[in-house]
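Q: Please find the sequence and the predicted model below.
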Amino acid sequence: PEVTDFEGQYVKDADKGIVKLLKANGRLVHQGTIKHSYPFCWRSETPLVYKAVPSWFVKVEVLVENLMENNKKCYWVPEFVKEKRFHNWLKDARDWAISRNRFWGTPIPLWVSDDFEEVVCVGSIDELEQLSGTKVTDLHRESVDNLTIPSLRGKGVLRRVLEVFDCWFESGSMPYGQSHYPFENKKTFESNFPADFIAEGIDQTRGWFYTLLVVSTALFNSPPYKNLIINGLILASNGQKMSKRLKNYPDPVEIVNKYGADALRLYLINSPVVRAESLKFQEPGVRDVVKDVFLPWFNAYRFLIQNVIRLEKEEGVVFSHNDSFVPTNIMDQWILSFTQSLILFVKEEMKMYRLYTVIPRLVRFIDQLTNWYVRFNRKRIKGDLGQDQCLQSIQSLFSVLYSMTRMMAPFTPFLTEYMFQNLRHLLPWKLDDSNASVHYIMLPRAREDLVNKEIEETVSRMQTVIELGRYIRDKKVVPIKFPLPEVVVIHQDSSCHRQLQDMNHYILEELNVRKLIVAEDDTKYGVKLTAEPDNDRLGKRLKGEFKKVAPAIKALPDNDRLGKRLKGEFKKVAPAIKALPD
């Protein structure tokens, strides 16, 4: 029987009256307050009340083993979501309540007798017309709720149940609904199923990813997608969920107008979001993309165009890109080799859908181009060292920028299109509709004949020496404008000695020193080696045991070579970590 004592009262206002009634009847066991989070309607901001109602369910528990097997056939990025979060959700999957008590929604096509003993599930419009004897032109509730089906068991007429589908059931049925399968487009559907890839937020591990897999497994015992890319959630700067009511986020239109759509795109795809982690949105981060990435990149592009124009005006040489150009200058060889290696890396990583490895490498490459190649070759590019050196350096810079423009086009479509419209006029082939936009052409193919890992390593070691030299000058407060007599580099590898001598000119000029000394014996220069534990990494891995390991690492004695010392002295640290996992 229904309780009518407080009929008509707002449910939350009745709390005190209910307690008072229970107490008066001697049925109050305990009265108290528990502080906890509570759901509120996001529209009216009023408390929600959970109420048990009858529902229609899909039997998911009998599919659990098949769901887990089909999940294994899919490639997830990042993979830990598949192996942990989603796997655990599938393992404990319960029957799925697919009905909702609303007016708006897709009507559940079940016609039942008054006692629910006879149930007919209608599978198509044609079937509904045959069973009801009525022409059907609209499947919304107001058009089908009045349709009845004669009972085959003598139970009068069957009427449609009042519930509508959970919208997630419809989302899970998307692959079939979009093709009107199985009524039409059967071959098209079968040739495109399962999907090559889908992408959504990490919250969809219990939503779309799950419902797609359940429906597909129930129908075909097959996964609905081959590859799945998960992104994290974008939060307000204080870590709260972004809310229209709270207005705790900047207007996206203003961000785009202020910094450009490309800056916003690159900020987001070079953030924890592409690793399925949360991002606290910071407007200064978008600004930094413009300052640290776009402006240096654009300045390199502008510097190229300026010198192509200067070359034609001052020397009468019309520049045209030579696809088969092979450089002789070591810095040209390095930047072209570095570019080809990057192309190979990007293609391999994009094939595996790993945006979180691709974008950082592309952004770092812009630093290599602007702060190392262009900086070290400004005189060559400007023609100060002769026309031949000028043409070689411009060929190299054009090749790199042209490749970079095509590689970055999917990520920064507007800036790359602007650059491409100028660069395309320097290409040797005819301009037509097929190359009218950077988005019409394919990603660059790597010229593996230009890849030289030896030169890449040589320049990398030179960069390390220069960066360490700058650091020491800053630490000792010796400005770069003051020349020093020598710089000493100590390294155990003889190949490093040779490589640094090859780059001697660049090191001396950049560090403003007169002499480079490369040595192997560190005792001559009073070098003292110490071992310091990496607190962050070891702390996370060893947890409580880190306190035992850290002193043992710091206590390692100084030896002539760090490698030898660590190999020989590791035994002294071993007792502290012997019980730890590998």
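A: Received, thanks.
Q: And for the helix or strand where Thr217 lies, what's in contact with it?
A: Using DSSP states H and E, Thr217 falls within helix 208-220. Helix 208-220 has contacts (CB atoms under 8 Å, 6 or more residues apart in numbering) with 58, 60, 63, 66-67, 70-71, 86, 89-90, 93, 96, 168-169, 171-176, 194, 198, 200, 204, 222-225, 228. Glycine gets a C-beta too; all of them are placed from N, C-alpha and C.
Q: So which of those are in strands?
A: Judged by DSSP state E, the contacts of helix 208-220 include Val58, Trp96, Ile198, Glu200, Tyr225, Leu228 as members of strands.
Q: Can you tell me how far the first one is from Cys167?
A: Using CB to CB, to the nearest Å, one gets 15 Å for the distance from Val58 to Cys167.
Q: now do the third one
A: Ile198 sits 17 Å away from Cys167, going by CB to CB.
Q: Between those two, which has more neighbouring residues?
A: Neighbour count, other CB atoms under 10 Å: between Ile198 and Cys167, Ile198 has more, with 20 against 15.
Q: nearest spatial neighbour of the more buried one, skipping sequence neighbours?
A: Tyr225 (4.9 Å; CB to CB, 6 or more residues apart in numbering).
Q: Val374 too?
A: The nearest residue in space to Val374 (CB to CB, 6+ apart) is Ala300, at 5.2 Å.
Q: Backbone dihedrals for Arg537, please?
A: phi -70, psi -50 (degrees, to the nearest 10).
Q: got it, and the one 5 residues further on?
A: Backbone torsions for Leu542, taken as degrees, to the nearest 10, come to phi -90, psi -20.
Q: per-residue pLDDT, it?
A: We have a pLDDT of 78 for Leu542.
Q: Please tell me how far it sits from Ala550.
A: Distance from Leu542 to Ala550, by CB to CB: 9 Å.
Q: Kindly report the same for Met174.
A: 53 Å.
Q: Quick check on these two: which one has the bigger neighbour count.
A: Ala550 (19 against 16).
Q: If you count neighbours, what's buried in the longest helix anywhere in the chain?
A: Longest helix in the chain by number of residues (criterion: DSSP state H): helix 453-476. By neighbour count on 16 or more other CB atoms under 10 Å, the buried set for helix 453-476 is Ile455, Glu456, Thr458, Val459, Arg461, Met462, Gln463, Val465, Ile466, Gly469, Arg473.
Q: For stretch 408-428, give me every contacting residue.
A: Looking at what lies outside stretch 408-428 - CB under 8 Å, 6+ apart - the contacts are 260-262, 265-266, 269, 294, 297-298, 301, 305, 308, 319-323, 359, 362, 398, 401-402, 405-406, 431, 435, 437-439.
Q: Which of those fall within strands?
A: Reading strands off these, I find no matches (DSSP E).
Q: Make a ChimeraX selection of whichever of these turn out to be buried.
A: Selection of buried members from those for ChimeraX, criterion 16+ other CB under 10 Å:
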select :260,262,265,266,269,294,297,301,305,308,319,321,359,362,398,401,402,405,406,438
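Q: What ranges does the stretch 251-400 of the chain have for its strands?
A: 279-280 (DSSP state E, counting those that start in this stretch).
Q: ranges for the strands of the stretch 101-250 of the chain?
A: Using DSSP E, counting those that start in this stretch, strands in the stretch 101-250 of the chain cover 110-112, 119-121, 148-150, 157-160, 164-165, 195-201, 225-231, 234-235.
Q: mind checking which of those strands is nearest Lys51?
A: Using CB to CB as the measure, strand 164-165 is the one of these that comes nearest Lys51, at 17.3 Å.
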